[in-house]
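1. Compute the structure for the input listed below.
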Amino acid sequence: MKTLASGCALLLALASLAAAEQPKPAPEKGTVENYVQLSKTGTRGEDRVNTGQFYFPRLQFKCREDVPDKWDIHPVGDQKLRESIKRLTNINILAEPVVVNLDKLEEMCEYPYVFMTSEGDFVLPEKHVENMREYISRGGFVFGDDCVLHQVGDNFYRAFVREMKRVFPDNPMRPIPEDHELYKIFFKHNHMPFLQGKKNPPMGLFDKKTGRLMALVTSGDLHCGWVGFGNLNKDECKRAIEMGVNIVIYCLTH
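-> Model (predicted):
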């Protein structure tokens with residue numbers, strides 16, 4: 001009886017071990033879990049921002065259609081830009097991936113910079129329009145980049161410009177001048193890098209009183225340049241990283 005009991009215990013232990021070794025199913029696209037799992041660090045930055053520390057948050061939002069590339073697409077691009085900022089500057093940027101959303105305004109306002117991307121059209125609920133207005137009015141900066149639909153579309157770009165018109169009805173976005181400080185604040189450029197998609201001018205939301213750039217959207221898929229896909233021009237990928245650095249430095253110094 002003792003031997004039988006020991007054998008049963010061993011079988012149960014082996015069964016538990018086998019169950020524990022089963023791979024967990026991949027999180028669904030469009031979830032925070034998916035974004036965090038696909039980030040290089042695999043951890044989430046739960047700590048609040050401390051003095052001298054900078055996080056690079058991704059904004060969670062919903063597209064109108066069920067597009068393949070949702071708000072959480074290719075988080076490794078964010079991570080590669082973070083690594084470049086840490087290597088090329090003295091900015092104390094944190095590696096942990098952070099997700100924010102417009103349902104939690106006060107939490108979002110703890111971060112001076114927010115990045116958003118997708119390949120789809122989106123419409124902000126009225127409450128999110130109000131919270132976006134409040135976030136930007138408090139000094140927050142939003143950078144949107146079109147994750148190009150089928151390598152040719154500009155759905156996200158057009159939606160971003162349209163929705164910012166709802167956020168600030170009397171202050172529409174306008175093209176970024178070629179001599180704007182954004183192009184020379186750290187790395188010197190004479191144009192916005194272009195990787196793929198439709199060539200639209202980079203559009204900015206400017207503070208009427210100070211001229212400060214408060215929001216920016218690009219149509220050339222800089223984010224895929226950060227990822228560094230093999231089908232993209234290597235020089236433009238390098239320039240995309242440099243422009244990403246410029247955008248963060250502009251945000252932190254204005």
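2. Need phi/psi at the residue nearest to residue 60 when sequence neighbours are not counted.
-> In this structure, residue 60 finds its nearest non-sequential neighbour in residue 101, 4.3 Å apart by CB to CB, 6 or more residues apart in numbering. Where C-beta positions appear, they are placed from N, C-alpha and C, glycine not excepted. Torsion angles at residue 101 (phi, psi; degrees, to the nearest 10) stand at phi -150, psi 160.
3. what do you get for residue 57?
-> phi -80, psi 150.
4. Quick check: closest non-adjacent residue to it.
-> In space, residue 57 is closest to residue 98, 4.2 Å off (CB to CB, 6+ apart).
5. Burial check on that neighbour, number of neighbours?
-> A total of 23 residues lie near residue 98 under the criterion other CB atoms under 10 Å.
6. Assess the claim that it and residue 59 are in contact.
-> No. Between residue 98 and residue 59 there is no contact under CB atoms under 8 Å: 10.2 Å.
7. contacting residues for residue 121?
-> Each residue near residue 121 by CB atoms under 8 Å, 6 or more residues apart in numbering is listed here: 63-65, 155-156, 158-159.
8. so what's the residue nearest to residue 60 up against?
-> 59-61, 108.
9. Among those, give me the pair with the biggest separation.
-> 61 and 108 (11.6 Å; CB to CB).
10. Tell me where the model's unsure across the stretch 151-254 of the chain.
-> 151 (pLDDT under 70).
11. Surely residue 245 touches residue 87?
-> No. The pair residue 245 / residue 87 is not scored as a contact, 9.8 Å apart, by CB under 8 Å.
12. Would you mind writing the CA trace of the strand or helix carrying residue 117 as PDB?
-> Here residue 117 sits within strand 113-118, counting by DSSP states H and E. The C-alpha trace of strand 113-118 is given here as PDB (Å, rounded to 0.1, in the frame of the first residue of the first chain):
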ATOM      1  CA  TYR A 113       4.800  62.500 -23.600                       C
ATOM      2  CA  VAL A 114       2.500  59.900 -25.200                       C
ATOM      3  CA  PHE A 115       2.900  57.900 -28.400                       C
ATOM      4  CA  MET A 116       0.100  56.400 -30.400                       C
ATOM      5  CA  THR A 117       0.000  54.400 -33.600                       C
ATOM      6  CA  SER A 118      -2.300  52.100 -35.600                       C
END
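13. That strand packs against which elements?
-> Strand 113-118 sits against strand 57-60, strand 141-146, helix 155-167, helix 234-253, with contacts defined as 3 or more CB pairs under 8 Å, 6 or more residues apart in numbering; DSSP states H and E.
14. In the protein, what residue spans correspond to helices?
-> 2-21, 32-38, 75-88, 105-108, 126-137, 155-167, 222-227, 234-253 (DSSP state H).
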